[in-house]
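In: For reference, the sequence and a predicted model appear below.
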Amino acid sequence: MNFSKPRDRNSERDENGESELRVTDRRRRFLEDDASSEPSAPAESPNLKPSYVAELEARTEAAEKFTKEVQSRFEQLRSQLQRETDETRQRLNRAADERAERGKADFIAGLLPVLDNLQRATEAAESGSTREQIVEGVRRTAASFESALAAAGVEPLESVGQEFDPELHEAVETVPVEPEEEGKVVVEYTRGYRIGDRLLRPARVKVGRSSETMKTAGE
């Protein structure tokens, strides 16, 4: 019987029949195993906040977002309102300027007949017209001017026979009168005018004073 020695897996024979020791390097496999066994990325730590805290934070974040949206919308509306206000102001200013120009043009147009009458009166005086004709021309000129003032809203002040009013009248002279005429306007030197509630100029007048009042003032 041939009892041969079993061949070691780690040994082989070469061509000469000599046994050769085979060494297996297991270090690489160990390194690969170590690399594959490295721990993966750490898992997220669990949220340790109570649920109501997380809910409050979420509500706060939502409220802040809503507030920013409201603020942004408010800024847009404010800009739009400012723009519309500026446009309205400019439109009103243009309308006011146009009204003022129209009023000025209308007033000047109303004065043109006055100029015409003055020119006619001058021509009449130069051509040797009678005194009555010249006076009539001047009278028409004054009437035309008063019509132009009335069309512009100007009103003359009634003074003679009225009680003296220092806000409407300027007393330039006094004259003795009966006691019942005390403090009344006797003569109007220059007519006063107003437009609406605004006084353009006061009337220059002579005011009556009773003899007793003047005597008391003299003493």
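Out: Looks like it came in fine. Just so it is clear, the model here is predicted, and its values are computed rather than measured.
In: mind giving me the domain ranges of the protein?
Out: Domain assignment for the chain by automatic domain parsing gives 56-152, 156-218.
In: Mean neighbour count and distance to Pro50 added to the ones you listed, as CSV?
Out: Where C-beta positions appear, they are placed from N, C-alpha and C, glycine not excepted. Written out in CSV, the entries for those read as follows (neighbours: other C-beta atoms under 10 Å; distance: least, C-beta to C-beta, whole Å):
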stretch, mean neighbour count, distance to Pro50
domain 56-152, 12, 9
domain 156-218, 15, 75
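In: Adding mean pLDDT, write those domains out as TSV.
Out: Converted to TSV, these look like this (pLDDT from 0 to 100):
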stretch	mean pLDDT
domain 56-152	88
domain 156-218	88
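In: how about the helices in the protein?
Out: 27-36, 51-126, 131-151, 211-218 (DSSP state H).
In: Of these, which is nearest Pro202?
Out: Across those, the minimum distance to Pro202, taken as C-beta to C-beta, is reached by helix 131-151, at 16.4 Å.
In: what's the angle from that closest one to helix 51-126?
Out: 180 degrees (axes from the mean of the first three to the mean of the last three C-alpha atoms, to 10 degrees).
In: which other residues reach helix 131-151?
Out: The contact list for helix 131-151, computed with C-beta atoms under 8 Å, 6 or more residues apart in numbering, reads 106-107, 110-111, 113-114, 116-118, 120-121, 124-125, 156, 193.
In: Return the distance of it from the chain's centre.
Out: Centroid separation between helix 131-151 and its chain, computed with C-alpha atoms, centre = their mean, to the nearest Å, is 47 Å.
In: And for stretch 100-117?
Out: Using C-alpha atoms, centre = their mean, the offset of stretch 100-117 from its chain centre is 34 Å.
In: which residues are contacting it?
Out: Contacts with stretch 100-117, where a contact means C-beta under 8 Å, 6+ apart, come from 137, 140-141, 144-145, 147-148, 151-152.
In: what do you get for stretch 183-192?
Out: Contacts for stretch 183-192 (C-beta under 8 Å, 6+ apart): 156-157, 159-164, 168-169, 172-173, 175, 177, 199-209.
In: So which of these sit within strands?
Out: Counting by DSSP state E, the contacts of stretch 183-192 place 156, 169, 172-173, 175, 177, 199-201, 203-209 in strands.
In: From these, pick the one nearest Glu64.
Out: Leu199 (62.9 Å).
In: so that closest one touches Glu170, yeah?
Out: No - under the criterion of C-beta atoms under 8 Å, Leu199 makes no contact with Glu170, lying 10.9 Å away.
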